[in-house]
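Visitor: Here is my input; please provide its structure:
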Amino acid sequence: MIKPHKLASLLLGGLLLAAGLCGGADASGVTVEKVQFKNNDITLVGNLYRPADFDNSKKYPAISVAHPWGGVKEQTAGIYAEQLAEKGFITLAYDASHYGESGGEPRYYENPSERVEDIRCAIDYLSNRPDVDADHIGALGICAGGGYTIAAASTDARVKAAAGISTYDIGDAARSGLKDVWPTTPDGIRATLQDIGEQRTKEARGETPRITKLLPTERPGADAPQFLQDAYEYYNTKRGGHKNATGNFRYVSTLRQLEFYPFGMIEFMSPRPLLLIAGSKAQTLYFSERAYELAKDPKELYIIDGAKHFDLYDKEPYVTEAVDKLAGFFHTYLT
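Guide: Down below sits the predicted model:
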């Protein structure tokens, strides 16, 4: 789990935000402020973190932080944003469109192209802040947020360095299944497409939208895939659960995932650097390996020994190792 003093600082920051306070300092000296910015007509809500020694007469390198599919800014994205702020960066963790405190209807609609645009809009916002050096902005994403970050950074030249933690290719998982966790076949995809079409027709005539659960609502048995056991442990217990991370999922948005290829333009990330961090025991490691193979230099695949996918969300010593690696990477390319 995350170190006690880190947890205390995150909780304090959360209490300040819940009270509507801006610029409150947490236990580490990092200040956190609730901010808003736009993705077209959707208002996105984020937490902006500033270093403890922040000087408003200076400009700082900045990093946007994209949360996992179904997550919110107060979870793992907030952990990384706060700890990178401790390392001297201005960081922005925000709720994606249709999730958490951000706007967007219908709710729980996981549209990858919109998630990618959220990141670009976060860069828009950071680029126009007087305390941010617009020529030194990076992007970080966790899980599906890592895939979205790679997609955004590949074509947004304002992102001078990008990184993914436990990167998850949501498109490939929809089309091919997650290795050794859930299978998918071409016939299964055809049946899903037929079902989605029928469901869209129903919803278009006013019937109740179909909301499913992204993760198990009851603790999986010991014979269940480890990935599902770990997902439940993080999202559905006090460890990582949050009231705004409901696990709800708008079923018809599956179509958007099937169409998505986050690494489709990854070659255009070069000559800007890409860092991929994954656990040696992560069920999703192959996504990071694939991204690394497709990317051009400069690139690095950094493996954290013994870590599984969800360990990198909040568990020590894995998070500290990941943050130290990220800080070195971003300091090299953003400062």
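Visitor: Once you drop chain neighbours, what's closest to the spatially most central residue of the chain?
Guide: By C-alpha atoms, centre = their mean, the chain has its centre lying nearest to His67, at 2.3 Å. Excluding the flanking residues, the one nearest His67 by C-beta to C-beta, 6 or more residues apart in numbering is Ala77, at 3.9 Å. Using the backbone N, CA and C atoms, a C-beta is placed for each residue, glycine as well.
Visitor: Assign the one you found to helix, strand or coil.
Guide: Here Ala77 is helix, with the state taken from DSSP: H, G, I helix; E, B strand; the rest coil.
Visitor: picking that back up, and the residue nearest to the centre of the chain, what does it touch?
Guide: Residues near His67 by C-beta atoms under 8 Å, 6 or more residues apart in numbering: 73, 75-77, 93, 95-96, 141-143, 145.
Visitor: just Ser288 next, same as before
Guide: 146, 164, 166-167, 276-278, 301.
Visitor: Tell me the helices and strands packed up against the longest strand along the chain.
Guide: Criterion DSSP state E: the longest strand present in the chain is strand 132-142. Strand 132-142 makes packing contacts with strand 60-66, helix 76-86, helix 112-127, helix 144-155, strand 159-165, helix 318-334 when contacts are defined by 3 or more C-beta pairs under 8 Å, 6 or more residues apart in numbering; DSSP states H and E.
Visitor: Save these as TSV, and put in mean pLDDT, mean neighbour count and distance to Gln199 too.
Guide: TSV is the format used below for the helices and strands packed on strand 132-142 (pLDDT from 0 to 100; neighbours: other C-beta atoms under 10 Å; distance: least, C-beta to C-beta, whole Å):
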stretch	mean pLDDT	mean neighbour count	distance to Gln199
strand 60-66	98	28	28
helix 76-86	98	26	30
helix 112-127	98	22	19
helix 144-155	98	28	22
strand 159-165	98	27	32
helix 318-334	98	19	39
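Visitor: Ok, which of the ones you listed comes nearest Glu203?
Guide: Nearest of the helices and strands packed on strand 132-142 to Glu203, taken as C-beta to C-beta: helix 112-127 at 18.1 Å.
Visitor: Mind giving me the packing neighbours of the helix or strand containing Val35?
Guide: Val35 belongs to strand 31-39 when assigned by DSSP states H and E. Under the contact definition 3+ C-beta pairs under 8 Å, 6+ apart, strand 31-39 sits against helix 4-18, strand 24-25, strand 42-50, helix 112-127.
Visitor: got the contact list for the residue nearest to Gln257 when sequence neighbours are not counted?
Guide: In space, and not counting its chain neighbours, Gln257 is closest to Ala174: 4.1 Å by C-beta to C-beta, 6+ apart. Shown in contact with Ala174 (C-beta under 8 Å, 6+ apart): 184, 254, 257-258, 260.
Visitor: Repeat the analysis, applying 7 Å as the threshold.
Guide: Applying C-beta atoms under 7 Å, 6 or more residues apart in numbering to Ala174 gives the contacts 254, 257-258.
Visitor: where does this structure dip in pLDDT?
Guide: 1-25 (pLDDT under 70).
Visitor: May I ask you to name the longest helix in it?
Guide: helix 186-204 (DSSP state H).
Visitor: how far out from the middle of the chain is that helix?
Guide: 28 Å (C-alpha atoms, centre = their mean, to the nearest Å).
Visitor: Could you list the buried residues of that helix?
Guide: Across helix 186-204, burial judged by 16 or more other C-beta atoms under 10 Å covers 189, 192, 196, 199, 203.
Visitor: which stretch of helix or strand covers the closest residue to the last one other than its chain neighbours?
Guide: Using C-beta to C-beta, 6+ apart and skipping the chain neighbours, the partner closest in space to Glu203 is Pro209 (5.4 Å). Element membership of Pro209 [criterion: DSSP H and E] is none; it lies in no helix or strand.
Visitor: Can you tell me how far Pro209 is from Gly103?
Guide: In this view, Pro209 and Gly103 are 17 Å apart by C-beta to C-beta, to the nearest Å.
Visitor: So these two - more neighbours on which side?
Guide: A direct count of neighbours by other C-beta atoms under 10 Å for Pro209 and Gly103 places Gly103 higher, at 18 against 15.
Visitor: where's the more buried one relative to Glu114, distance?
Guide: Distance, Gly103 to Glu114, using C-beta to C-beta: 12 Å.
Visitor: Can you give me every residue that contacts Lys179?
Guide: If a contact means C-beta under 7 Å, 6+ apart, then Lys179 has 283, 286 as its contacts.
Visitor: Same question for the one 4 residues further on.
Guide: For Pro183, the contacting residues are Gly177, by C-beta under 7 Å, 6+ apart.
Visitor: how about the contacts of His67, which pair is most distant?
Guide: Between any two of the contacts of His67, the greatest separation by C-beta to C-beta is 15.0 Å, found for Asp95 and Cys143.
Visitor: So these two - more neighbours on which side?
Guide: Using other C-beta under 10 Å as the criterion, Asp95 and Cys143 rank with Cys143 on top: 27 against 24.
Visitor: The more buried one and Asp305: what is the separation?
Guide: For Cys143, the distance to Asp305 - C-beta to C-beta - is 20 Å.
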